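>>> quick one, structure for this:
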Amino acid sequence: MPREEKSLQFLDKIKTDNLYPKLLEQLNKDFRFSGIPDEIESTVKANELQNRLITIIYNLINRNFADYLNLLYRIDISESEIKKLDGSDIEKLSVQVSKQILKRECQKVWLRNRL
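As a prediction, the model looks like this:
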C-alpha cells in the first residue's frame, strides 16, 4: 500500500471515531506553541485540511524556515523521515511534509483518546 493511502487512512479513522475536532485543536495548539500565527478554522472539512496545511507549510519554508523547523520539532516529526524527502521542489516537499504532519497528529489524537 502506498504511503499516501496509509496517511489518509489515519484521517479516515479520526473521522470515524469523531475525533476530527480534536485533530484541529491539536494542530492549532502546535502552531501556537511553535510561534506560527496561522490557524486552521474549525469549519475546514477533512478533504480541505491537507490543502490548507500544504499552503501553511509552503509559506513557512519560504518565509520563516526557523518556525517551520520549530513546528516539525513540536509535532515530533522524525528528522530521518524529513531527510528522506526530496527537498529540490518546495511544492512537492510541502505536500510530503503535510502528510507526515497529519499522520503524526492523527496518531497523537487517536492514542490520547484510547488511554
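>>> in the protein, which segments are predicted with low confidence?
The model of the chain has pLDDT under 70 over residues 1-8, 115.
>>> can you map out the helices along it?
Taking DSSP state H to define them, one finds helices in the chain at 3-16, 20-33, 46-63, 65-75, 79-84, 90-114.
>>> and the shortest one, what other elements does it pack with?
Think helix 79-84. Counting contacts by 3 or more C-beta pairs under 8 Å, 6 or more residues apart in numbering; DSSP states H and E, helix 79-84 is packed against helix 90-114. Heads up, the C-betas are built off the backbone N, CA and C, glycines and all.
>>> leaving out sequence neighbours, find the closest residue to the residue most central in space within the chain.
Centre of the chain computed as the mean C-alpha position; nearest residue by C-alpha atoms, centre = their mean is Ile101, 2.7 Å away. Among residues not flanking Ile101 along the chain, Ile75 sits closest, at 5.7 Å (C-beta to C-beta, 6 or more residues apart in numbering).
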